[in-house]
Every structure is written in structure tokens, then in C-alpha cells.
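> Attaching a predicted model along with its sequence, questions to come.
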Amino acid sequence: MIAAPDRDQDQEQDRFRLVARNIASEYARDKVAKALYAAVVDGLEFGPRDLPLAEDREWIREAIAAPLQEASDAAIQVLASSVGRALERAPNDLLDRYARSHHLQELGIE
């Protein structure tokens, strides 16, 4: 039947989106943003000793907020995509079993 490949592809995309949604949670975004912020702070070394004026430190924090958000979003998207592809190649229908185990959660029933 011609319709079966489309249905299989739709199911595969649904499983992939499920993995992506679970990885791209607000909690994960927050953790990634904090890690990237720490990397920037370490790289720029802008503590009270380096920038004695609180206004300067606050300006830098505000200036890097948008780039940090963009980098966090990109990192989460790449991670979700990479994990999804890895799970697609997993043996023993691991991705299918994962999707079935989270099906009720997706419906709002736990």
C-alpha cells in the first residue's frame, strides 16, 4: 500500500518530536543557559575586582542576555536532534518503547 510509508514516516516524526520535547524542557534550557553564562563569565572575568562599578557589570549581563538565549536555544535544538537520531538507530526498537512509555504523559495522563 502506498499510504503505509507516509504513516510510518509520520509515526517516526511523532517519536522524534516526543524526544525533542522532553529534552527541550524549560528546566533543560535553564541549565544550559546557566552553564553558558558561567562560561562567558569565566572567559570575560568580570567580577567586582575587574569591573568595580556595579553598573558596568549589570550592563554586561544585560548585553549578553540575548546572545545567551540564542546560544541556549541552538544548543538544545542540536542536542535534541542528535539524541533523536541516536535513538532512531538504537537496537530493539528502543525509540518505539520510549514513545509508548511516554504516550500517556503526552496525553496528560500519568
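Great, that's in hand. Residues are numbered from 1 along each chain as shown.
> Ile76 against Asp30, yeah?
No: contact criterion Cβ atoms under 8 Å: Ile76 and Asp30 do not qualify, at 10.4 Å. Just so you know, the C-beta spots here come from the backbone N, C-alpha and C atoms, and that holds for glycine as well.
> Neighbour count: these two, which is higher?
Ile76 (19 against 11; other Cβ atoms under 10 Å).
> Would you check that Val40 makes contact with Ile64?
Yes: using Cβ under 8 Å, Val40 makes contact with Ile64 at a distance of 5.7 Å.
> Report the buried residues of stretch 73-93.
Neighbour counts over stretch 73-93 (16 or more other Cβ atoms under 10 Å) mark 75-76, 80, 84, 87 as buried.
> What of stretch 7-19?
Of the residues in stretch 7-19, 15-16, 18-19 count as buried by neighbour count, 16+ other Cβ under 10 Å.
> Output the contacting helices and strands for the lowest-mean-pLDDT helix or strand in the chain.
Taking mean pLDDT, DSSP states H and E as the measure, helix 3-23 is the helix or strand of the chain with the lowest mean score, a mean of 73. Packing partners of helix 3-23 (3 or more Cβ pairs under 8 Å, 6 or more residues apart in numbering; DSSP states H and E): helix 54-88, helix 94-106.
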